[in-house]
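Trainee: 3D model of this:
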Amino acid sequence: MVVIVRSFLRVFFALSLVLVLGACSGSSAGLNAFQSADGRYGFFYPTGWTRISVGGGPEVVYHDLINSDETLSLVISKLEEDAELKTLGSPEIVGKRLVDQIIAPEGAGREVELLEASQRESSGHTFYDLEYSIHLPDRERHELTTFVVDHGYLYTFATSTNEVRWPKVKSLFRRVIDSFTFLI
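Mentor: Residues are numbered from 1 along each chain as shown. This is a model prediction of the structure:
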């Protein structure tokens, strides 16, 4: 009986190790899962990042403990009517409008370049993915943002870092942005 139990434990340990190593090499390696309290949406955020509270601001904010200027945020805005994302315009139009009205309106003291604007479909939703380079008076930033509409709300999910770190984190940030999904 002891031999059978030991054999079972060796097989169980070997299978567990294979599953753990397999999971580490997947697309969510180095990422932790977040799910909203109501179970409506979820996403992955980088391991080692911590959630912070921002009063009157985004619904969710995380930042890197080591590189504290690396952040991700989720803003949820009620729309006037239950519209589809496409009614707001193409990814390029939405990106340009965001630059002109929110990120760098006249007199804001920053220049923003829309580097890429694309559309993707995931789990029955249309997402607009935008990439920006932001020139501030004292530093350069890089941002990836995705927009999606669900049940009359616009979800704006963004990651941001300084331009120096961008080459090192761009694939990680792309995985974070692509991970945003609706669960119900």
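Trainee: neighbours around the residue lying closest to residue 119 once chain neighbours are set aside, how many?
Mentor: Beyond its immediate neighbours in the sequence, the residue positioned closest to residue 119 (CB to CB, 6 or more residues apart in numbering) is residue 91, lying 5.2 Å away. C-beta: built from backbone N, CA, C; applies to glycine. Residue 91 has 22 neighbouring residues, counting by other CB atoms under 10 Å.
Trainee: distance of residue 91 from residue 118?
Mentor: Counting by CB to CB, to the nearest Å, the gap from residue 91 to residue 118 is 6 Å.
Trainee: same question, residue 161
Mentor: Note on residue 161: its distance to residue 118, by CB to CB, is 20 Å.
Trainee: what about the two, which has more around it?
Mentor: residue 161 (22 against 13).
Trainee: assess the claim that that one and residue 140 are in contact.
Mentor: No: counting by CB atoms under 8 Å, residue 161 stays clear of residue 140, with 10.1 Å between them.
Trainee: let's see the pLDDT reported for residue 86.
Mentor: At residue 86, the predicted lDDT confidence score is 88.
Trainee: ok, which stretches of the protein are helices?
Mentor: 2-24, 91-98, 166-179 (DSSP state H).
Trainee: just give me the lowest mean pLDDT stretch among the ones you listed.
Mentor: helix 2-24 (a mean of 34).
Trainee: shaky segments in this structure?
Mentor: 1-29 (pLDDT under 70).
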